[in-house]
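A.B. asks: Here's my sequence, what's the structure:
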Amino acid sequence: MSELLQWSAAIIVLAAFALSQWGVWPVTSYRYLVLNLIGGAALSAAAAISHQWGFVLLEGVWALVAAWGISVRLRGGRLRTPGA
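C.D. replies: Got it, this is the predicted structure:
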């Protein structure tokens, strides 16, 4: 189960990243942020199951940053984009 979770979550995060790099989704879009939140949280959970604490930290922070971006957008704020 943990391996299936890891593969699924990694594909979710990588798909969001690829779509942003190809210019399909801006990094400030809800779709991008939500996929990063879901993928990061799932990867953090999978790492916790495996007792890989460094990855728990990495992916947990990844998910928290995405959640922060979503909350800023929901409150009507603007996210800064790279190079802006």
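A.B. asks: Next secondary structure element downstream of the helix or strand of the chain with the lowest mean pLDDT?
C.D. replies: Lowest mean confidence among the helices and strands of the chain (mean pLDDT, DSSP states H and E): helix 2-21, at a mean of 93. Using DSSP states H and E, the helix or strand that follows helix 2-21 in sequence is helix 30-49.
A.B. asks: Any buried residues in the next helix-or-strand element following that following helix, and which?
C.D. replies: Per DSSP H and E, the first helix or strand lying C-terminal to helix 30-49 is helix 53-74. Neighbour-count burial for helix 53-74, counted by 16 or more other Cβ atoms under 10 Å, picks out 55-56, 59-60, 62-63, 66-67, 69-70. To be clear about C-beta, it is placed using only N, CA and C from the backbone, and glycine gets the same treatment.
A.B. asks: want to throw those residues into CSV with distance to Val13 and pLDDT?
C.D. replies: Converted to CSV, the buried residues of helix 53-74 look like this (distance: Cβ to Cβ, whole Å; pLDDT from 0 to 100):
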residue, distance to Val13, pLDDT
Phe55, 12, 95
Val56, 15, 96
Glu59, 9, 95
Gly60, 13, 96
Trp62, 8, 95
Ala63, 10, 97
Ala66, 10, 96
Ala67, 14, 97
Gly69, 14, 94
Ile70, 15, 96
